[in-house]
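In: sequence first, then the predicted structure, then my questions.
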Amino acid sequence: MDPTSADDLAARVRRLEDESAIQRLIMSYGPAADAGLTSFAGGVWLEDGVYDWDAEAELLEGSAAVDEMLQGSGHQGLIARGVAHFAGPLLVDIDGDHGTALNYSLVMRREEGRFFLWRVSAVRWDVERHGSSWRVRRRTNRLLDETGAGRGLFGDSLREVFGQGPR
Amino acid sequence: MDPTSADDLAARVRRLEDESAIQRLIMSYGPAADAGLTSFAGGVWLEDGVYDWDAEAELLEGSAAVDEMLQGSGHQGLIARGVAHFAGPLLVDIDGDHGTALNYSLVMRREEGRFFLWRVSAVRWDVERHGSSWRVRRRTNRLLDETGAGRGLFGDSLREVFGQGPR
Amino acid sequence: MDPTSADDLAARVRRLEDESAIQRLIMSYGPAADAGLTSFAGGVWLEDGVYDWDAEAELLEGSAAVDEMLQGSGHQGLIARGVAHFAGPLLVDIDGDHGTALNYSLVMRREEGRFFLWRVSAVRWDVERHGSSWRVRRRTNRLLDETGAGRGLFGDSLREVFGQGPR
């Protein structure tokens, strides 16, 4: 085994570890948000990261703003009645210290003794390496509804990041 | 580190990369289909791959047939009203240049301002290495309904690929 | 490449393989349970593993008890009408021969020709290395409902395993 191939192997392992770290980061948001661990959930973002959670809402700017939103009466009411902020499996692309992941977000709620699908969204996560870990630079959610907002987010992101077809 | 173990390590890394590539391939279908990127979505299949999407429907034979179906009025009507072709996490088995993955597919639609679960299916993906990437040889969907079709697909595939129990 | 770094690389690869093996283990339960492969599904647990499936129900103690539950009329009635025991992507932490994974479980059923969300739960999996594979020591499910049981399970587990925030 020459040094080049050893370095190459180490780089390939690092890439797999990056994918694992990004999955770990993203999959920690839902459980933390649903548990009411608002500071943990906010810490998924960079201090100056952005959560663009709906086309018609104001941006949440900074991890502290995410934390504050989760402490608010809207979110606290949801978790008191029962809610699941579920994140689906990731389609990830990594380029050095930056990564892009697409997935689906399902928010399920409970009302009158039954669970129901409340929001079904297209999600794009822009993540950055931050020392030995990864954090969210920007999360963008768009409903997969009749406005076409979710469709647009998935389409634009696939074309930008993944090109003309699967790799 | 002797050459044998370096080769062994490289083979283990390649296997992990294969799992990552298969996840990447399969997770690109839903976002592409829901965005209306029909050629991208069709390209998940081999040119002569098959999409056996329902026990009572005709097979879609070839990536071009998948592309054409997605361009049709049925699918276009779904995405205009809002739809999510969600794919769950994979149970993957790889044997050289062939792989088998099982997962759940949930198709969620929007109607009268609410999202609902339209189709819940068992899915089997037969994938093949194709140069430096992977493509779908055959995707088989069966509803997890009272017909027992989904149950049968999961049972037959688990017995065939995974044997008598978890590894 | 000196021996230390080769050993280090091998340890990093093993960790990634462990994550893959744990995903494989956990993702095999749903398809096996929904297919009625009761012994396969029970075999996801250690012989003396525990399935604590609901705050108000008795524990299932041992893989044979899981197998027996799945053979019972309750579960068999569900699969005859159509059911999906869906497991979401994992948030995994591994410490030597022990691992902890959190995810969401969605149980979807079919009734009068429509699918619906029946149970939405927080899940914690405590897994152990067992020779060359992994098995479940304990699976704990708690509904994400107005009782706060699911919220508590996610919160306690995140604090215990993942500390003050994402890594």
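Out: Here it is on my side, so go on. None of these values were measured; they are calculated from a predicted model. Residues are numbered from 1 along each chain as shown, chains lettered A, B, ... in the order given.
In: is the longest helix belonging to chain A positioned near chain C?
Out: Criterion DSSP state H: the longest helix present in chain A is helix A:3-35. Yes: applying CB under 8 Å from any CB of the partner chain, one finds helix A:3-35 in contact with chain C at A:3, A:6, A:9-10, A:13, A:16-17, A:20-21, A:23-25, A:27-28, A:30-32, A:34-35. The C-beta positions use only the backbone N, C-alpha and C, and glycine is treated the same way.
In: same check on stretch A:129-137?
Out: Yes: figure legend: stretch A:129-137 in contact with chain C (CB under 8 Å from any CB); contacting residues A:133, A:135.
In: residues near residue A:40, how many?
Out: Neighbour count for residue A:40, taken as other CB atoms under 10 Å in any protein chain shown: 24.
In: ugh, typo on my part, it should be residue A:16
Out: Other residues within reach of residue A:16 by the criterion other CB under 10 Å amount to 21.
In: how near is it to residue A:41?
Out: Taking CB to CB, to the nearest Å as the criterion, residue A:16 is separated from residue A:41 by 26 Å.
In: repeat that for residue A:69.
Out: Shown here: residue A:69 relative to residue A:41, a distance of 10 Å by CB to CB.
In: how about the strands in chain A?
Out: When assigned using DSSP state E, the strands of chain A occupy the ranges A:45-52, A:60-61, A:83-87, A:91-95, A:98-111, A:114-130, A:133-143.
In: and those, which is most packed in?
Out: The highest mean neighbour count among the strands of chain A belongs to strand A:83-87 (a mean of 25), with neighbours defined as mean count of other CB atoms under 10 Å in any protein chain shown.
In: okay, now the sheet partners of that one, with direction.
Out: In the sheet, strand A:83-87 lines up against strand A:98-111 (antiparallel) (DSSP bridges).
In: what's the angle from the helix or strand of chain A with the lowest mean pLDDT to strand A:91-95?
Out: Least confident helix or strand, chain A: helix A:3-35 with a mean of 94, by mean pLDDT, DSSP states H and E. Going by axes from the mean of the first three to the mean of the last three CA atoms, to 10 degrees, helix A:3-35 is angled at 130 degrees with respect to strand A:91-95.
In: close to chain B, is helix A:3-35?
Out: Yes: Helix A:3-35 comes into contact with chain B (CB under 8 Å from any CB), by way of A:5, A:6, A:9, A:12, A:13, A:16, A:19.
In: contacting residues for the first one?
Out: So the one you mean is residue A:5. Taking CB atoms under 8 Å, 6 or more residues apart in numbering or on different chains, we find residue A:5 in contact with B:6, B:10.
In: still on that earlier bit, now, of the residues of helix A:3-35 next to chain B, which are buried?
Out: Those of those that meet the buried threshold are A:6, A:9, A:12, A:13, A:16, A:19, by 16 or more other CB atoms under 10 Å in any protein chain shown.
In: the fifth one and residue C:18: what is the separation?
Out: Counting by CB to CB, the gap from residue A:16 to residue C:18 is 12 Å.
In: same thing with the second one?
Out: Between residue A:9 and residue C:18 the computed distance is 18 Å (CB to CB).
In: just want to know which of residue A:69 and residue A:41 has more residues nearby.
Out: Neighbours per residue, other CB under 10 Å: of residue A:69 and residue A:41, the larger number sits with residue A:41, 27 against 18.
In: can I get stretch A:139-148 as PDB, trimmed to CA atoms?
Out: Extracted C-alpha coordinates of stretch A:139-148, given in PDB (Å, rounded to 0.1, in the frame of the first residue of the first chain):
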ATOM      1  CA  ARG A 139     -32.700  25.200   6.500                       C
ATOM      2  CA  THR A 140     -35.400  25.900   3.900                       C
ATOM      3  CA  ASN A 141     -38.900  24.300   4.200                       C
ATOM      4  CA  ARG A 142     -41.600  24.600   1.600                       C
ATOM      5  CA  LEU A 143     -45.000  22.800   1.700                       C
ATOM      6  CA  LEU A 144     -45.700  20.200  -1.000                       C
ATOM      7  CA  ASP A 145     -49.100  21.800  -1.700                       C
ATOM      8  CA  GLU A 146     -51.000  23.500  -4.500                       C
ATOM      9  CA  THR A 147     -48.800  26.600  -4.400                       C
ATOM     10  CA  GLY A 148     -45.900  24.600  -6.000                       C
END
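In: that stretch and chain C, are they touching?
Out: No: using CB under 8 Å from any CB, we find that stretch A:139-148 stays clear of chain C, coming within 13.3 Å at best.
In: how far off centre is that stretch?
Out: Taking CA atoms, centre = their mean, to the nearest Å, one finds stretch A:139-148 lying 14 Å from the centre of the chain it belongs to.
In: same question for stretch A:81-91.
Out: Here stretch A:81-91 shows a centroid-to-chain-centroid distance of 10 Å under the convention CA atoms, centre = their mean.
In: residue contacts, residue A:122?
Out: Taking CB under 8 Å, 6+ apart as the definition, contacts of residue A:122 comprise A:102, A:104, A:141-144, A:149-151, A:153-154, B:31, B:34, B:84.
In: coming back round to it: for the least confident helix or strand of chain A, could you pull out the residues that count as buried?
Out: Using 16+ other CB under 10 Å, the residues of helix A:3-35 that count as buried are A:6, A:9-10, A:12-13, A:16, A:18-35.
In: same check on stretch A:64-84?
Out: Within stretch A:64-84, judged by 16+ other CB under 10 Å, the buried ones are A:65, A:66, A:67, A:69, A:70, A:75, A:78, A:79, A:82, A:83, A:84.
In: what distance separates the start and the end of it?
Out: End-to-end distance for stretch A:64-84, by CA to CA, to the nearest Å: 22 Å.
In: contacts for it, please.
Out: Applying CB under 8 Å, 6+ apart, the set of residues contacting stretch A:64-84 from outside is A:30, A:33-36, A:38-39, A:41-45, A:47, A:51, A:60, A:106-111, A:115, C:104, C:120, C:122, C:143-146, C:148, C:150-151.
In: which one of the buried ones among the residues of helix A:3-35 next to chain B sits closest to chain C?
Out: Out of those, the one with the shortest distance to chain C is residue A:6. That distance is 3.8 Å, counting by CB to the nearest CB.
In: quick one: residues contacting that closest one.
Out: Under the criterion of CB under 8 Å, 6+ apart, the contact partners of residue A:6 comprise B:6, C:1, C:5, C:6, C:9.
In: which of these sit farthest apart?
Out: For the contacts of residue A:6, with distances taken as CB to CB, the pair at the greatest spread is B:6 and C:5 (11.8 Å).
In: ok, now which ones touch the residue lying closest to residue A:20 once chain neighbours are set aside?
Out: Nearest in space to residue A:20, with sequence neighbours left out and distances taken as CB to CB, 6 or more residues apart in numbering or on different chains, is residue C:19 at 6.1 Å. By CB under 8 Å, 6+ apart, the residues touching residue C:19 are A:20, C:92, C:94.
In: excluding sequence neighbours, find me the nearest residue to the second one.
Out: This points to residue C:92. When the adjacent residues along the chain are set aside, residue C:92 lies closest to residue C:101, with 4.6 Å between them (CB to CB, 6+ apart).
In: which residues does that neighbour contact?
Out: Residue C:101 makes contacts with C:22, C:26, C:90, C:91, C:92, C:93, C:124, C:125, C:127, as judged by CB under 8 Å, 6+ apart.
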